[in-house]
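S.K.: The amino acid sequence is not available; the structure is as follows:
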């Protein structure tokens, strides 16, 4: 099966998934999913919103597949999103320095809020007016190189111009690939994947995969309208998130008496310095999807020399007890399907996309706490502790069983 999937990927074919029963073929008690619908990138370019439904096995041992194709006229309100390719532009840091100036606000959190809003608007306008269409930029750069190469045969003096044109072409191609890689949201690429067609296919397939065509309510009713699906999703997760958490048994404080002096000596809430804050930021993976503010970790890293004073004051302000505005505390909730046939809402896993500032503060705390966990957590608790593995819980009883069996066979 893995070989089949690998060959499908090499051929540029994508399984559209399905809804309904899992298997499409039966012989006696043997059930398999033999029937599938594959499409290529050209199909996904033309028909993004399509779905496959497994029908009943009436008069055959194979299940018919019904494919529905629908056009989408839904227009979403666009919000600011920082593009990682911008940092490759020669004028990017000048634009950031031009906007990132004092807002005459004493509160560092409010100041950063205003600076990000102002910079977001400025970069959006700059992208439209200066950066322009990245695909068109590549085409024009290729034409410029081709013309200079042809002229070089007649006039050797244009060789310097040709070197500059080649440099501009490589920069345009890198910006194009960075754009498609970020849009495809694929965080790991192997050698040979730097191909815009590959990114295009991933973008189309991801958009199709993330589209919910229909949903099954808890009472068994099917919803097909996009407005009804959206309303039902909000209602379902509002009820889910408002449910009271399960009662947990109270912690027995006497279990920590032995390490009471050690815990009182911990320094987890002290104000961090620049080196510690930068270490927390550097540990965040740059291509990760941005939060509600639209700025990814790549922006903070590439513009650190310009913005670091304000970022450091914000993180330090949190540890000094400043009230954090909702702008930094809010997050985007994204639904991830648990299976290829996710139909009811309970088969979707909600995850939060938070701002980088929240991630940096969490990283500072976790980096301080991580080396202390082996002291606070018993040795037989092996999960989620650096240097320990949950597999140890399996190997230990396995070794004991092996020793016990060996002793029994030996007659001792």
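M.R.: It's in. As the structure is a computational prediction, the values presented were derived from the model and not from experiment. Numbering: from 1, shown residues only.
S.K.: Go through the longest helix seen in the chain and flag the buried ones.
M.R.: Counting by DSSP state H, the longest helix found in the chain is helix 159-184. When neighbours are counted by 16 or more other CB atoms under 10 Å, the buried residues of helix 159-184 are found to be 162, 165, 168-169, 171-173, 175-184. Every residue, glycine included, has its C-beta placed from N, CA and C.
S.K.: Contacts only, for residue 97.
M.R.: Residue 97 makes contact with residue 306, according to CB atoms under 8 Å, 6 or more residues apart in numbering.
S.K.: which stretches of the protein have low pLDDT?
M.R.: Low-confidence regions of the chain, defined by pLDDT under 70, span residues 1, 41, 44-46, 48-49, 70-77, 184-210, 255-265, 340-342, 407-412.
S.K.: can you give me the strands in this protein?
M.R.: If DSSP state E is used as the criterion, the strands of the chain fall at 14-15, 25-27, 30-32, 38-39, 50-54, 65-69, 215-216, 222-223, 331-337, 348-354.
S.K.: Can you lay out these as JSON lines showing mean neighbour count and distance to residue 282?
M.R.: As requested, these are exported to JSON lines (neighbours: other CB atoms under 10 Å; distance: least, CB to CB, whole Å):
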{"stretch": "strand 14-15", "mean neighbour count": "18", "distance to residue 282": "35"}
{"stretch": "strand 25-27", "mean neighbour count": "13", "distance to residue 282": "52"}
{"stretch": "strand 30-32", "mean neighbour count": "11", "distance to residue 282": "48"}
{"stretch": "strand 38-39", "mean neighbour count": "16", "distance to residue 282": "41"}
{"stretch": "strand 50-54", "mean neighbour count": "18", "distance to residue 282": "42"}
{"stretch": "strand 65-69", "mean neighbour count": "13", "distance to residue 282": "46"}
{"stretch": "strand 215-216", "mean neighbour count": "19", "distance to residue 282": "41"}
{"stretch": "strand 222-223", "mean neighbour count": "14", "distance to residue 282": "45"}
{"stretch": "strand 331-337", "mean neighbour count": "13", "distance to residue 282": "22"}
{"stretch": "strand 348-354", "mean neighbour count": "14", "distance to residue 282": "18"}
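S.K.: Turn those into TSV, columns for distance to residue 273.
M.R.: What follows is the strands of the chain, written out as TSV (distance: least, CB to CB, whole Å):
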stretch	distance to residue 273
strand 14-15	49
strand 25-27	64
strand 30-32	60
strand 38-39	54
strand 50-54	54
strand 65-69	58
strand 215-216	49
strand 222-223	53
strand 331-337	27
strand 348-354	23
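S.K.: what's around residue 293, how many residues?
M.R.: 24 (other CB atoms under 10 Å).
S.K.: roughly how far apart are the nearest residue to it once chain neighbours are set aside and residue 183?
M.R.: Nearest in space to residue 293, with sequence neighbours left out and distances taken as CB to CB, 6 or more residues apart in numbering, is residue 355 at 5.0 Å. In this view, residue 355 and residue 183 are 20 Å apart by CB to CB, to the nearest Å.
S.K.: Repeat that for residue 170.
M.R.: Per CB to CB, residue 170 is found 21 Å from residue 183.
S.K.: Kindly report the same for residue 214.
M.R.: Looking at residue 214 against residue 183, where the rule is CB to CB, the gap reads 26 Å.
S.K.: cool, residue 177 as well?
M.R.: For residue 177, the distance to residue 183 - CB to CB - is 11 Å.
S.K.: again, but for residue 317
M.R.: Computed as CB to CB, the residue 317 to residue 183 distance reads 34 Å.
S.K.: Residue 384 now?
M.R.: From residue 384 across to residue 183, the span is 33 Å (CB to CB).
S.K.: same deal with residue 36?
M.R.: Applying CB to CB, the value for residue 36 to residue 183 is 27 Å.
S.K.: same question, residue 19
M.R.: Using CB to CB, one obtains 27 Å as the distance from residue 19 to residue 183.
S.K.: again, but for residue 291
M.R.: Between residue 291 and residue 183 the distance, using CB to CB, works out to 17 Å.
S.K.: cool, residue 332 as well?
M.R.: Residue 332 sits 16 Å away from residue 183, going by CB to CB.
S.K.: Please apply the same query to residue 336.
M.R.: Where residue 183 is concerned, residue 336 sits at a distance of 18 Å (CB to CB).
S.K.: what do you get for residue 57?
M.R.: Taking CB to CB as the measure, residue 57 and residue 183 are separated by 40 Å.
S.K.: again, but for residue 114
M.R.: Using CB to CB, one gets 28 Å for the distance from residue 114 to residue 183.
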